[in-house]
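**Q** Predicted model and sequence follow; I will ask about them next.
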Amino acid sequence: MSGRAAARAIDALRRGWAVIVRASDGAIRLMAVEGADAITLSAFDPAGEADILVAAARGETLKLANQLAAADPDMPVLIARAPWIDADVAMAIADPVLDLASPLKGPFAAKPLAAPLAAKAALRLARLAGILPAFFVTAAGGSDAEVSAGDVDAYDDAAHLAIATRARLPVSASETAEIVAFRSPDEPREHVALIIGKRDASLPVVRLHSECLTGDVLGSLKCDCGPQLHQALHQIADSRWGVLLYLRQEGRGIGLINKLRAYALQDQGFDTVDANVRLGFAIDARDFSVAARMLDLLGVGEVRLLTNNPNKVAGLEAAGIKVAERLPIILPANPHNEHYLATKRDRTGHQL
Ligand SMILES: Nc1nc2c(ncn2[C@@H]2O[C@H](COP(=O)(O)OP(=O)(O)OP(=O)(O)O)[C@@H](O)[C@H]2O)c(=O)[nH]1
Ligand SMILES: [Zn+2]
């Protein structure tokens, strides 16, 4: 297993380069639809025969399903290439945000997948690369960067995360705080922990905060992240001691650009859950084992967790951290995030 192969494949896909994905059932050669243009597409596929692989949910919107969908509803769909499907049409097939502006005409036809496991690994790679889950696909061949399904799965394995450095960091919520930075050799995202107060034998109050550029930095009113971050820092400062983990899991794990695509779908009337699904991603793509590993490296095995999300409690416990108590973190809604908070309460089990 090689973290390097997955890192190279992710980098290549983001740059619009070809990648070969190999699984136990075969291999496929792919290039991201996002970012392809007439020139790169004809270099990738001179014969104009590459089919288009999309997530099951996108297939559903296009009224297409894979031959194996009955057994596995998450099975990606391979759309047969037709001569009129160029790079621009493929982008309209890939990106649901464009549906209003360019209603898709078709007819589209689904083809059986030659290597379903390789196709599924390709879609996992799309999430890790923060791109739309849509690819031009040909049979494997040539000398492009190659990655195995096992490499893809091992890529964000938290096991290799280590403490890189630590320093005192007085913050407005508490002058007694220390920042600890974590790094993994395989993965560029740097997570940090802020330890607040004086550590003692009592259970720490812990908050897992997933990065939200729009809310944390720009003061977005669409979500509750910014105020929650500051409230959490103060709640921890008011306890004996605790830890805030700042996790680089922007957009519940789908990345900034895909989150903003989800926002564009929300502008069209979809809620936060349906927007993720429509893009072809899980409702919540986060993996809390990274948080568990960080706590473990800090010597914390049991916590009082600040969250309204029972899935966070379950995720952390599944990864080996004991959650002695769940502490709610409740903030007033505003007119822009009222619907978002109601969706979290009604559709993702948040206890608000
Ligand atoms: N994909 C997507 N991500 C969003 C959206 N709104 C906010 N986010 C992301 O959701 C994450 C914030 O979730 P958290 O506050 O950590 O967790 P939570 O699941 O709401 O649970 P709590 O602990 O109760 O706050 C951040 O990564 C945000 O970027 C959205 O509409 N779509
Ligand atoms: Zn947010």
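**A** All right, it came through fine. Nothing here was measured: the structure is a model prediction, and the numbers come from that model. Numbers count the residues shown, from 1 in each chain. Ligands and ions are numbered 1, 2, ... in the order given.

**Q** So Q249 sits against C212, correct?
**A** No. Counting by CB atoms under 8 Å, Q249 does not reach C212; the two are 9.3 Å apart. C-beta here means a position set from N, CA and C on the backbone, and glycine is covered the same way.

**Q** what kind of secondary structure is A324 in?
**A** strand (DSSP: H, G, I helix; E, B strand; the rest coil).

**Q** Show me where the protein dips below the pLDDT cut-off.
**A** Low-confidence segments of the chain (pLDDT under 70): 1-2.

**Q** how about the strands of it, start to end?
**A** 19-23, 26-32, 51-54, 77-79, 110-111, 134-139, 145-148, 162-168, 177-184, 187-197, 205-210, 241-247, 302-306, 322-327 (DSSP state E).

**Q** now the first one against strand 134-139, angle please.
**A** Put plainly, it is strand 19-23. Using axes from the mean of the first three to the mean of the last three CA atoms, to 10 degrees, the inter-axis angle of strand 19-23 relative to strand 134-139 is 70 degrees.

**Q** Ligand 2 contacts on this structure?
**A** Counting by CB under 5 Å from the ion, the positions of the chain adjacent to ligand 2 are 212, 215, 223, 225.

**Q** May I ask which of these has the most neighbours?
**A** Scoring these on neighbours with other CB atoms under 10 Å, the highest-scoring entry is C212 at 23 neighbours.

**Q** check contacts around that residue.
**A** Applying CB atoms under 8 Å, 6 or more residues apart in numbering, we find C212 in contact with 220, 223, 225-226, 250-251.

**Q** hmm, 7 Å instead?
**A** Neighbouring residues of C212 by CB atoms under 7 Å, 6 or more residues apart in numbering: 223, 225, 250.

**Q** In contact with the last one, which residues?
**A** Residues near E250 by CB under 7 Å, 6+ apart: 211-213, 256, 259.

**Q** The first one too?
**A** Contacts were defined as CB under 7 Å, 6+ apart; by that measure C223 touches 212, 215, 337, 340.

**Q** How about the backbone phi and psi for the closest residue to ligand 2 within the stretch 51-200 of the chain?
**A** Proximity of the stretch 51-200 of the chain to ligand 2 (CB to the ion) peaks at G130, 16.3 Å away. Main-chain torsions, G130, degrees, to the nearest 10: phi 70, psi 30.

**Q** Flag every residue of the stretch 201-350 of the chain that's near ligand 1.
**A** Applying CB under 6 Å from any ligand atom, we find that the stretch 201-350 of the chain lies next to ligand 1 at 209-212, 223, 225, 228, 249-252, 254, 259, 262, 272, 276, 307-309, 312, 344, 350.

**Q** So which of these sit within helices?
**A** 225, 228, 250-252, 259, 262, 272, 276, 312, 344 (DSSP state H).

**Q** Restrict those to the buried ones and give me that as a PyMOL selection.
**A** Remark: buried members of these, expressed as a PyMOL selection using 16 or more other CB atoms under 10 Å:
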select buried, resi 225+228+250+251+252+259+262+272+276+312+344
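
**Q** Adding distance to G142, write the ones in helices among the residues of the stretch 201-350 of the chain next to ligand 1 out as CSV.
**A** Output for those, formatted as CSV (distance: CB to CB, whole Å):
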residue, distance to G142
C225, 43
Q228, 48
E250, 33
G251, 33
R252, 36
K259, 34
A262, 34
T272, 40
N276, 34
K312, 43
K344, 46
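
**Q** Quick one: neighbours of Q268, just the number.
**A** So Q268, with other CB under 10 Å, has 12 neighbours.

**Q** Could you pull up the residues touching the closest residue to K259 other than its chain neighbours?
**A** Nearest in space to K259, with sequence neighbours left out and distances taken as CB to CB, 6 or more residues apart in numbering, is G251 at 2.9 Å. By CB under 7 Å, 6+ apart, the contact list for G251 reads 258-259, 262.

**Q** Kindly report the same for G130.
**A** Per CB under 7 Å, 6+ apart, neighbours of G130: 255, 257-258.

**Q** how close does V300 get to ligand 2?
**A** Using CB to the ion, to the nearest Å, V300 is found at 25 Å from ligand 2.

**Q** Please name the nearest non-neighbouring residue to that residue.
**A** P204 (5.9 Å).
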